[in-house]
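K.L.:
model the structure of this input:
(one chain, ligands or ions: 1)
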Amino acid sequence: METGCEQAKTDLLSLFPEELESFAASLGHPRYRGRQIWDGLYRGAKSPENIRNLPAGLIETLKSSAVIRRAEVEEMYVSKLDGTRKFLFRLCDGKAVEGVLMKYRHGNTLCLSTQVGCRMGCAFCASTKAGLDRSLFPSEMIGQILACRETTGEDVGHLVLMGMGEPLDNYENVLRFLRLVNHERGLNIGMRHISLSTCGLVPQIDRLASEKLGLTLSVSLHAATDEKRKEIMPVARRYSLEELMAACDRYTEATGRRISYEYALIAGVNDTAEDAAAVGNLLKRRLAHLNLIPVNPIRERDFRQSGREAVDAFADAVRKGYGIEVTVRRKLGSDIDASCGQLRARRDGL
Ligand code: SAH
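P.N.:
Down below sits the predicted model:
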């Protein structure tokens with residue numbers, strides 16, 4: 001049994017500077033000690049002893065009443081093709097999540113996880129096979145960035161919440177994380193450099209719109225009719241496409257931001273001319289960007305990637321036929337199982 005994770009202890013890396021100040025005060029220490037704790041955490045402290053300038057008495061108190069719940073790199077794989085790095089992060093209770101560091105011309109992007117496992121059940125996704133284990137704390141999301149930075153020496157300028165888990169199914173913790181990561185005294189990553197991806201939880205999309213954060217919302221579409229979507233995404237049984245698109249419209253209305261739609265092309269399942277027309281009709285007249293991704297086959301299902309020609313034909317049909325901006329996602333790290341869920345499944349025998 002690890003001692004570093006107890007629920008009852010104060011989770012230091014999930015707190016804002018002002019909250020750390022109040023915490024220091026509640027322990028009978030001056031408020032400025034809270035700022036020192038914050039600075040120490042973002043310099044990489046893994047234990048209270050690593051925080052500079054703290055008096056021995058406070059270090060002892062922190063050791064018994066608080067926890068630094070981080071994430072540590074357990075395994076790292078580097079793509080020989082493009083330098084993409086894939087991580088298996090170990091959490092303080094021994095569970096694992098995955099992340100990917102991608103190098104783009106505009107800077108480094110970390111794809112990080114928000115839950116251990118997932119309960120959304122998408123048929124093509126490796127992260128959801130064994131259901132949801134637990135949601136991550138804000139500290140554990142911050143911890144993935146700190147661990148990635150420390151292990152690689154690379155800066156992380158952009159984030160995508162597209163690793164394991166459904167971010168909007170861990171709403172409070174994800175929102176706190178977004179505000180922490182945005183804090184200028186900490187990682188200072190701008191909201192415009194962050195994308196959050198959801199399979200389409202309608203009430204939470206509305207809630208997110210009301211926060212007016214300025215991040216990019218990605219919606220996993222993968223099929224443009226309810227019938228087909230229900231076959232591969234159980235969430236479609238809960239919210240129809242009509243309800244989902246209405247929420248997307250309200251989001252655009254409230255934030256003025258264009259939504260990015262994700263569409264994983266699966267040979268013979270959702271990649272025909274008819275499918276492209278359905279996507280075109282759904283997205284035309286909307287502020288939309290379509291991201292096409294050849295599906296990454298996972299071991300448990302025999303979904304196959306659409307061929308190059310089918311992908312190009314699909315992209316052309318939507319772009320030219322309906323005037324929608326389409327990107328075919330460049331595949332990074334294809335030699336290192338870079339799509340999430342597979343490393344953990346292997347590690348934990350799921
Ligand atoms: N739960 C969120 C975010 C995590 S998944 C969501 O559903 O959006 C990030 C993206 O990867 C989603 O668009 C998801 O549908 C997609 N994805 C999952 N498994 C995939 C696979 N095997 N191949 C291609 N894309 C996949």
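
K.L.:
please make it C-alpha for all contacts and neighbour counts, starting now.
P.N.:
Noted.

K.L.:
buried ones in stretch 303-318?
P.N.:
Neighbour-count burial for stretch 303-318 flags 303, 304, 305, 306, 310, 311, 314, 315, 316, 317, 318 (criterion: 16 or more other Cα atoms under 10 Å).

K.L.:
domain parsing for this protein?
P.N.:
10-67, 72-348 (automatic domain parsing).

K.L.:
just send those domains back as JSON lines, with mean pLDDT too.
P.N.:
What follows is these, written out as JSON lines (pLDDT from 0 to 100):
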{"stretch": "domain 10-67", "mean pLDDT": "97"}
{"stretch": "domain 72-348", "mean pLDDT": "94"}
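
K.L.:
in TSV, list the ones you listed along with distance to the ligand.
P.N.:
Output for these, formatted as TSV (distance: least, Cα to the nearest ligand atom, whole Å):
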stretch	distance to the ligand
domain 10-67	22
domain 72-348	4
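
K.L.:
all the strands of the stretch 151-300 of the chain, in order from the start?
P.N.:
158-161, 194-198, 216-220, 259-265, 288-294 (DSSP state E, counting those that start in this stretch).

K.L.:
equivalent analysis for the stretch 1-150 of the chain, please.
P.N.:
So, for the stretch 1-150 of the chain - with DSSP E, counting those that start in this stretch - the strands run 10-11, 66-67, 71-78, 85-91, 96-104, 107-111, 115-117, 132-135.

K.L.:
give me the residues contacting the fourth one.
P.N.:
Read it as strand 85-91. 69-79, 96-102, 140, 144, 333, 336, 338, 343-344 (Cα atoms under 8 Å, 6 or more residues apart in numbering).

K.L.:
for that strand, output the C-alpha coordinates as CSV.
P.N.:
Extracted in CSV, the C-alpha atoms of strand 85-91 (Å, rounded to 0.1, in the frame of the first residue of the first chain):
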residue,chain,number,x,y,z
ARG,A,85,7.3,10.2,-27.9
LYS,A,86,4.8,7.9,-26.2
PHE,A,87,4.6,7.7,-22.4
LEU,A,88,3.2,5.3,-19.9
PHE,A,89,2.7,7.4,-16.8
ARG,A,90,2.5,5.7,-13.4
LEU,A,91,0.2,7.4,-10.8
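
K.L.:
and it, which strands flank it?
P.N.:
strand 71-78 (antiparallel), strand 96-104 (antiparallel) (DSSP bridges).

K.L.:
please identify the most buried of these.
P.N.:
Of the strands paired with strand 85-91, the one with the most neighbours on average (mean count of other Cα atoms under 10 Å) is strand 96-104, at a mean of 24.

K.L.:
output it as PDB, nothing but the C-alphas.
P.N.:
Extracted C-alpha coordinates of strand 96-104, given in PDB (Å, rounded to 0.1, in the frame of the first residue of the first chain):
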ATOM      1  CA  ALA A  96      -1.200   3.900 -15.400                       C
ATOM      2  CA  VAL A  97      -2.300   6.300 -18.100                       C
ATOM      3  CA  GLU A  98      -0.800   7.300 -21.400                       C
ATOM      4  CA  GLY A  99       0.400  10.400 -23.200                       C
ATOM      5  CA  VAL A 100       2.000  11.400 -26.400                       C
ATOM      6  CA  LEU A 101       4.400  14.300 -27.200                       C
ATOM      7  CA  MET A 102       4.200  15.400 -30.800                       C
ATOM      8  CA  LYS A 103       6.600  17.800 -32.500                       C
ATOM      9  CA  TYR A 104       5.000  20.200 -34.900                       C
END
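
K.L.:
quick one: that strand to chain centroid distance?
P.N.:
10 Å (Cα atoms, centre = their mean, to the nearest Å).

K.L.:
picking up where we left off before, which of the buried residues of stretch 303-318 fall in helices?
P.N.:
310, 311, 314, 315, 316, 317, 318 (DSSP state H).

K.L.:
tell me the one of the residues you listed nearest residue 195?
P.N.:
residue 315 (22.1 Å; Cα to Cα).

K.L.:
so the closest residue to the closest one other than its chain neighbours bridges to which residues?
P.N.:
Excluding the flanking residues, the one nearest residue 315 by Cα to Cα, 6 or more residues apart in numbering is residue 326, at 6.3 Å. Per DSSP bridges, the residues bridged to residue 326 are residue 290.

K.L.:
okay, now residue 326: neighbour count?
P.N.:
Using other Cα atoms under 10 Å, residue 326 is surrounded by 20 other residues.

K.L.:
contact partners for it?
P.N.:
With Cα under 8 Å, 6+ apart, residue 326 has these contacts: 289, 290, 291, 292, 315, 318, 319.

K.L.:
now with 10 Å?
P.N.:
Counting by Cα atoms under 10 Å, 6 or more residues apart in numbering, residue 326 makes contact with 260-261, 288-292, 314-320.

K.L.:
ditto for residue 245
P.N.:
200, 202, 219, 239, 251, 282, 283, 286.

K.L.:
I'd assumed residue 31 was in contact with residue 18.
P.N.:
Yes - judged on Cα atoms under 10 Å, residue 18 makes contact with residue 31 at a distance of 8.6 Å.

K.L.:
okay, those two: which has more neighbours?
P.N.:
residue 31 (19 against 14).

K.L.:
perfect, that will be all.
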